[in-house]
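Participant: okay, sequence plus prediction incoming.
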Amino acid sequence: MSTTKKLRLGPLPKLASTKLTFVCPVSLKADLDRYAALHAQAYGEAVDAEKLIPHMLEAFMAGDRGFSKNERVTRPLTRPASVDAPAR
């Protein structure tokens, strides 16, 4: 029986990716490493902090109401091609 509670991030999906490099404080890197260790303990799969960061950022942005509201306003609605195609 695991004593670790489920973490907010959950198991990681397999996604296509691109490399991005950023600089962070040493204390943040230490926190990310500790979170990665807890994540591995909770889900039984070793993962490093670098793999967690994109999922953390995605979760953060999904939960940011100001960003979500702005996305709805600035991103045009897309319709299926059949709706936009002229009738023949």
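Facilitator: Done, it's in.
Participant: now do the contacts for the residue most central in space within the chain.
Facilitator: The geometric centre of the chain, computed from its C-alpha atoms, lies nearest to His55 (Cα atoms, centre = their mean), at 2.3 Å. His55 makes contacts with 9, 12, as judged by Cβ atoms under 8 Å, 6 or more residues apart in numbering. Where you see a C-beta, it was placed from the backbone N, CA and C, and this is true even at glycine.
Participant: helix or strand for it, which one?
Facilitator: Assigned by DSSP states H and E, His55 falls within helix 49-63.
Participant: same deal with Ser27?
Facilitator: Going by DSSP H and E, Ser27 is part of helix 26-43.
Participant: tell me which residues in that helix are buried?
Facilitator: Buried residues in helix 26-43, counted by 16 or more other Cβ atoms under 10 Å: 32, 35-36, 39, 42-43.
Participant: what of stretch 5-19?
Facilitator: Buried, per 16+ other Cβ under 10 Å, within stretch 5-19: Leu9.
Participant: could you give me the average pLDDT of that stretch?
Facilitator: The pLDDT scores in stretch 5-19 average 78.
Participant: distance between that stretch and the chain's centre?
Facilitator: 6 Å (Cα atoms, centre = their mean, to the nearest Å).
Participant: mind listing residues that contact that stretch?
Facilitator: 35, 38-39, 42-43, 45, 47, 51-52, 54-56, 59.
Participant: again, only this time at 6 Å
Facilitator: 39, 42-43, 55 (Cβ atoms under 6 Å, 6 or more residues apart in numbering).
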